[in-house]
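J.: kindly generate the corresponding structure for this input.
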Amino acid sequence: MSRRQSIKLSSTGYSLLFVLTLGYAVYAMDRTVLSAVLPVMEQHLALSNTEVGYLGAAQYMGVLAIVFAAGRLSDIYGRKKILLLGVSIFTIFTMSIGAAPDFAWAFVLRLFSGIGEGFFWPVAMATVAQAYGHRKGTSLGVFYVGFDVGSISGVFVGGLTYSLLGSWRYSFFIAPLIGLAVVGALFFMENAPRIDGVGSVHQHPQVNSVKKWKISLLMFFAFLATWASVWQVVFLPYYFFKVMHFGVLSSAALSSLVLIAGGIGKVVLGRISDILHRIQVLIFCSLGVVVSYVVFFFASSFSVAFTGALCMGFLSSSVFPVMQALATDLYPEAPGTSLGLTTTAQSFATVLSPIIAGYLFFMGVGKALALDALVPSFLMTLVSFILITNQETAPSTRPI
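T.: Numbers count the residues shown, from 1 in each chain. Here you go, the predicted structure:
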């Protein structure tokens, strides 16, 4: 779909972006509400350390199992059906966790919640990318901010609900309620997005060897970029506490500032990628991530190190909307399929990165996380330079 054929931004268009961004926020809330009440669940359900680990990983397993198929199916059968299915599944099954009597039930319900997330994630991005044409970088940046808002909200809602009502179960009943509103909004939204009029997916379009190579490289880039950034979500507060010797509250506050910088970066760099070539923006971000990591991990002055932390949050987060917009540029005939591929690579990295970091802790937390961040960031920079060698398969992203 050319930019001249893209849907013009209107009140309906902005409503669509708002609803999908809200859906992504609920997606994130459903994940992080567990973090807020996991210690209480562990005690109440008598969970072993292994069971705690499996419960934390269950949603990621569900996402990984379905994310590519979801993107592909949305290219064939339309986006609205898959979006409604995804939001409905992760909302209902997250609520159901509140009634889980033991680990087995909690794990299965959490797994199915992840399957719902896997249906929603690539299809929502494909919808945004296709609906907003040459503004897809900006729109995907706004969409990604929904995850940041939802992540913070999930922890807050989970903790507050437990504090007020005295049971971890209510947290799972309350946190996903907004998902019901998202389902209703998508169901009644006029002209809900489909791939109608494209049709090439049904004809199995030929993808030339150069394009296949670039899509494969972009999948590898997605894996490395996610590996290089997941530690921030999982271990950054722990790093401030353990290595820099801040208190728990101070560590959480500093980490939140890095998260806010990431939200700003997603919108700003997403917009810049709509004006400049996206691969050039990826190279800039990749180089910036490496430099900011070096500053953060090795600067002797805290003010300098924290400046590096803000920069790493800004740049490492902004990679994702730019990367996903590029994926749809490379394969515009089937954006759901292309985003299914990149999100599958990201899902693998999400599962593997914390495990790799954990195994490296024998070196000490500081050295382990530095290595876990710097190795993939160096490699993603290399991949971004390889991507720029053949730019003809990615159309110019300058507005017409």
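
J.: pretty sure E117 contacts G86?
T.: Yes: using C-beta atoms under 8 Å, E117 makes contact with G86 at a distance of 6.9 Å. For glycine as for every other residue, the C-beta is placed from the backbone atoms N, C-alpha and C.

J.: next, the buried residues of the helix or strand encompassing A126.
T.: Here A126, judged by DSSP states H and E, is contained in helix 103-131. Residues 103, 106-107, 109-131 are the ones in helix 103-131 that count as buried (16 or more other C-beta atoms under 10 Å).

J.: mean confidence for it?
T.: For helix 103-131, mean pLDDT rounds to 92.

J.: elements contacting it?
T.: helix 11-44, helix 49-77, helix 79-97, helix 136-165, helix 302-330, helix 335-360 (3 or more C-beta pairs under 8 Å, 6 or more residues apart in numbering; DSSP states H and E).

J.: give me the distance from the helix or strand just after the last one to the chain's centre.
T.: Note on helix 335-360: by DSSP H and E, the next helix or strand toward the C-terminus is helix 365-387. Between the mean C-alpha point of helix 365-387 and the mean C-alpha point of its chain there is a distance of 19 Å (C-alpha atoms, centre = their mean, to the nearest Å).

J.: isn't L339 right up against Q324?
T.: Yes: using C-beta under 8 Å, L339 makes contact with Q324 at a distance of 6.0 Å.

J.: anything in contact with each of those two?
T.: The contact sets of L339 and Q324 overlap at 125, 129 (C-beta atoms under 8 Å, 6 or more residues apart in numbering).

J.: between these two, point out the one with more neighbours.
T.: More crowded of L339 and Q324, by other C-beta atoms under 10 Å: L339, with 34 against 31.

J.: mind listing what the closest residue to that one other than its chain neighbours touches?
T.: Distance criterion C-beta to C-beta, 6 or more residues apart in numbering; nearest residue to L339, sequence neighbours excluded, is P122 at 4.1 Å. Residues in contact with P122, defined by C-beta under 8 Å, 6+ apart, are 67-68, 70-71, 74, 336, 339-340, 342-343.

J.: give me that answer again for 7 Å
T.: 67, 70-71, 336, 339-340, 343 (C-beta atoms under 7 Å, 6 or more residues apart in numbering).

J.: for those, which one is nearest V375?
T.: Among those, T343 lies closest to V375 (C-beta to C-beta), at 22.2 Å.

J.: my guess is the closest one contacts I66, does it?
T.: No: applying C-beta atoms under 7 Å, one finds T343 not in contact with I66, separated by 10.3 Å.

J.: and these two? Which one has more around it.
T.: Each of T343 and I66 has its neighbours counted (other C-beta under 10 Å); T343 has more, 27 against 23.

J.: contacts only, for that one.
T.: 67, 121-122.

J.: how close does it sit to R72?
T.: Applying C-beta to C-beta, to the nearest Å, the value for T343 to R72 is 12 Å.
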